[in-house]
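In: sequence and predicted model, in that order:
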Amino acid sequence: MKHRLISLIWVQLNMNFAISHSRYYYLEKRQRLWEGVLIVVSVIMTAAVLAFGVYKLADAFYSQASLLHQEALTLTTGILAAQFLMLILGIALVIAVFYFSDDLPCLIPLPLRPWEVLASKFAVILSNEYLGLLVFIVPIFVAYGRRANVGIISYTLSAITIFLTLPVIPIAIASILAVILMRIVGFTKRKDMLTIIGGFLLVALIIGVQFYVQTRLPARGEEQEFMMQLLSQANSLVAILGRQFPPSIWATWAISEAGTSRGLLSLGLFLGVSALAFGLFLALGNRFFYQGVLSGFEAPTARRRTFRGKPERIRFSERTPLLSLAVAEMKLFSRTPVFVLNGFIGFLMFPIMFVVLLLLGNDPEISGLWSSLVNVPEFHSIGTLLVGAYFFLLTAFSGIPFSPFSREGKANIWFLRSQPISGQAAAMGKALASEIMIVVGAIPGLAVLQYTARLPVVSLIIGVSLGIAASYALCIWGVLLDMARPMLDWTDQQKAIKSNLNTVIGITTGIVVLFLMGYLVNLLFKRGCSGLVAQVVSGTVIAVVLGSGLRVLQLFGDRLWSSIEL
Amino acid sequence: MKAGDACLLKLEGVSKTYRGSSNKAVDNLSLEVAPGEIFGFLGPNGAGKTTTIKMIVGLLMPDNGRIIVDSHDIVKDPVSAKRSIGFVPDDPNLYNRLTGLEYLNLVADVYGVSAADRAKRIRDLLSMFDLASEVNDIIQSYSHGMKQKLALTGALLHNPPLFILDEPMVGLDPRSSRLFKDLMRNHCDQGYAVFFSTHILEVAERLCDRVGIIDKGRLIACGSMDELRKLSSETDESLEDIFLELTLPEQVD
Ligand SMILES: Nc1ncnc2c1ncn2[C@@H]1O[C@H](COP(=O)(O)OP(=O)(O)OP(=O)(O)O)[C@@H](O)[C@H]1O
Ligand SMILES: [Mg+2]
């Protein structure tokens, strides 16, 4: 008999990776086997290309760093960035998995202790993080290992250990913050809204602390001395950088000096702190987790009981079907904390970082670079395109237009599908709602951008128009993609919006398209074309993509719509 | 049976096999529902009732056969066909984060019900189901039966010619279920039709003008109570006896 914790973790992993589900559909029923194979192959290929890019980058970084005798900086930079990202994105992830899973009503009545449920959910999060780390950290470890003079066995062993434990500290910190937040939110009446606000405040707090520590590093006036010290001592920059987050140096040294006593000591320290963070999280969670979950089960009622028993006083609004669908979609999205936290995090990270940067001392180098850029004569036309690119990138990273049907889930999709609306109308409603939310979400970042770049009004208007058109084109194609292969089977909403393959495809496509457009515009400028030409060309490309998307929707929308079977 | 042309729902040789499955969930099913008729759809668990209903309302595509709703083909012209349908599934999951009223307004907008009409319909139905004071709460806070009543209200807003329900009595309290039965009767008296599946045979016996019994995807009996009685060995048997007699499980050796 398996221990209950082991079997609990196994069930959670099974659901997370849809193991039984895929085995049933792809192997036993041979249902759309080719699709499964195609997905697996293309995901592996994309991941391989990405990993190779990271490897090349790390290799180049190593060459640069070795000029300063700072080779280990390659590792530290990668580890720090990975931990920082896991921490920031971890807040939304942890809140979704711990507090908004559909399986909680089944798990809580079982004779399990809260920490056991938490530990199994934690395992799910870790396993998902490994997938990302496989692409972004392993190539760095490999690049360093091939260049540096390391003992192969001890290096590999410690690199694997660090790989496996790397997500523990950031996810444990995110979890501790989330458990505290949800306990506090549980006391209040407007839980959903406060969860959203609290989640974003935590993200802002983390970014703030990060920047605060960073800007404090080399005190002003000591820079000369600091540089001398850097050059004289191998890998001293690692120690300095690592001061903002000591575990990252321990992880670095554990790998780069694997086999030495310092390496072992660092490994021990890193594992010890990881265990401590995890233990603290379990202890805290055991105490507060269920209270937070249970208070989440209580939906607020009686917002307005003014017309109690008097139905004649109920108010009605009348809208066109398209607008009504879009409004309902926006309400549903904005009232679901997991969707808002995941979808809007990109919209807020950029302005938050900027404001933090403004508040915590101006870096003269960065602002100097920026002002010299802004004063270039072509900047207005480049700035216009930058505004457009900003909208486009936000759309791609938000995941909002790539998951509107997936977000409905198995539970709710029957409703739209049984209403008298065509596939085209359903898609247009979803695309409209996505576009409105993205435009609203883009405003804070746009304000920040305009505050620094001070584009002329005309350039700004052109940029925003290009941006909205580009974003709408992506929305149409994204909604089409999600209509063609919606992911309706999920237990936590996180899976519908961010861990959804459609969203991953959307982000990847967005990056590729933006890269190609940048290349094209660069080519135009090199040929001596004016900014206006670049804008007209971009506008034409956008119009073609948008037009073809609308046409495809017209031709295939209804067929795709009725192929969503329940 | 009334004239074939005038019927509100017509299934002709409808079959469905779920992808990857070897058995037909619905096998060559034909039936008609005439205006003014309450049609009860009976059958053991897994017989294919829900599958049939999903095909009628356009949630599933039939592999073969035709389904005509109020003279519109559900596959060829789904939007027009769906306009004639009011549908409540067996487990009505509604948008948890909308209020009841927001949900009803959404439905009314989609069906193009005018503000005046919807005001009257919604008020009537809500006060009938005693749901008026909760209509501004979010649906998440509703009990199972309240959700079901809200779904029924939504499905009736546009006064659909064909009312389709999958096991509608399951969550309703005695008073609501009585009100609901009267409502079905009223609906049919306007010349409309009701098609519903149920396991409660007494209800089917008393309420339905005609019943169909489906087993392993095949319609094994269809007709009025009197017609069904003729199929069985003894006269004046109850529907329960007939049902149990007709749907004997296969002998396992
Ligand atoms: N989504 C699905 N995928 C594959 N097979 C299904 C699916 N839904 C139902 N089936 C199969 O189709 C057959 C008919 O199921 P259906 O749900 O129509 O039965 P039912 O008559 O509604 O039963 P119940 O009285 O239990 O509601 C069953 O054998 C069932 O296993
Ligand atoms: Mg059923």
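Out: Yes, it's here. Ligands and ions are numbered 1, 2, ... in the order given.
In: any idea which element the nearest residue to residue B:43 once chain neighbours are set aside lies in?
Out: Excluding the flanking residues, the one nearest residue B:43 by C-beta to C-beta, 6 or more residues apart in numbering or on different chains is residue B:214, at 3.9 Å. C-beta coordinates here come from the backbone N, C-alpha and C atoms, glycine included. Assigned by DSSP states H and E, residue B:214 belongs to strand B:210-215.
In: next helix or strand past that strand?
Out: strand B:218-223.
In: and that next one, which strands flank it?
Out: strand B:210-215 (antiparallel) (DSSP bridges).
In: re earlier: surely the residue nearest to residue B:43 touches residue B:45?
Out: No - under the criterion of C-beta atoms under 8 Å, residue B:214 makes no contact with residue B:45, lying 11.5 Å away.
In: so for the two, which residue has more residues nearby?
Out: Of the pair residue B:214 and residue B:45, residue B:214 is the one with more neighbours under other C-beta atoms under 10 Å in any protein chain shown, namely 25 against 6.
In: report pLDDT for that one.
Out: Per-residue confidence (pLDDT) for residue B:214: 94.
In: tell me how many other residues crowd residue B:175.
Out: Counted with other C-beta under 10 Å, residues neighbouring residue B:175 total 10.
In: circling back: tell me the spacing between the residue nearest to residue B:43 and ligand 1.
Out: Distance of residue B:214 to ligand 1, given as C-beta to the nearest ligand atom, to the nearest Å: 7 Å.
In: neighbours of residue A:102, how many?
Out: 14.
In: please name the nearest non-neighbouring residue to it.
Out: residue A:491 is the one closest to residue A:102 (C-beta to C-beta, 6+ apart), at 4.7 Å.
In: give the contact list for the one you found.
Out: Taking C-beta atoms under 8 Å, 6 or more residues apart in numbering or on different chains, we find residue A:491 in contact with A:15, A:101, A:102, A:103.
In: circling back to that earlier point, identify the bridge partners of the residue nearest to residue B:43.
Out: Under DSSP bridges, the residues paired with residue B:214 across the bridge are residue B:219.
In: tell me how chain B divides into domains.
Out: Domains of chain B are assigned by automatic domain parsing as B:1-84+B:162-248, B:96-159.
In: in JSON lines: those domains, plus distance to residue A:88.
Out: Formatted as JSON lines, the domains of chain B follow (distance: least, C-beta to C-beta, whole Å):
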{"stretch": "domain B:1-84+B:162-248", "distance to residue A:88": "40"}
{"stretch": "domain B:96-159", "distance to residue A:88": "26"}
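In: winner for burial among the ones you listed?
Out: Mean neighbour count (mean count of other C-beta atoms under 10 Å in any protein chain shown) peaks for domain B:96-159 among the domains of chain B, with a mean of 20.
In: tell me the average confidence for it?
Out: Per-residue scores along domain B:96-159 average to 91.
In: in the stretch 1-150 of chain B, which spans are strands?
Out: Using DSSP state E, counting those that start in this stretch, the strands of the stretch 1-150 of chain B run over B:9-16, B:26-33, B:38-42, B:64-69, B:72-73, B:85-88.
In: between these, which one is closest to chain A.
Out: Nearest of the strands of the stretch 1-150 of chain B to chain A, taken as C-beta to the nearest C-beta: strand B:85-88 at 5.1 Å.
In: what helices or strands is that closest one leaning on?
Out: helix B:144-156, strand B:162-166 (3 or more C-beta pairs under 8 Å, 6 or more residues apart in numbering or on different chains; DSSP states H and E).
In: so what strands line up beside that strand?
Out: Counting by DSSP bridges, strand B:85-88 is paired with strand B:162-166 (parallel).
In: what mean pLDDT does the partner strand have?
Out: The average pLDDT for strand B:162-166 rounds to 95.
In: re earlier: list only buried entries from the contacts of residue A:491.
Out: Among the contacts of residue A:491, those classed as buried by neighbour count (16 or more other C-beta atoms under 10 Å in any protein chain shown) are A:15, A:101.
In: closest one to residue B:206 out of the contacts of residue A:491, please.
Out: Closest approach to residue B:206 among the contacts of residue A:491 (C-beta to C-beta): residue A:102, at 38.6 Å.
In: can you pull the contacts of the closest one?
Out: Listed by C-beta under 8 Å, 6+ apart, the contact set of residue A:102 reads A:490, A:491, A:492.
In: mind putting those residues into TSV with pLDDT?
Out: Shown next, in TSV, are the contacts of residue A:102 (pLDDT from 0 to 100):
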residue	pLDDT
A:490	87
A:491	83
A:492	84
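In: need the strands of the stretch 1-150 of chain B in CSV (columns: mean pLDDT and distance to ligand 1).
Out: Below are the strands of the stretch 1-150 of chain B laid out as CSV (pLDDT from 0 to 100; distance: least, C-beta to the nearest ligand atom, whole Å):
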stretch, mean pLDDT, distance to ligand 1
strand B:9-16, 95, 8
strand B:26-33, 94, 7
strand B:38-42, 95, 9
strand B:64-69, 95, 15
strand B:72-73, 95, 22
strand B:85-88, 96, 14
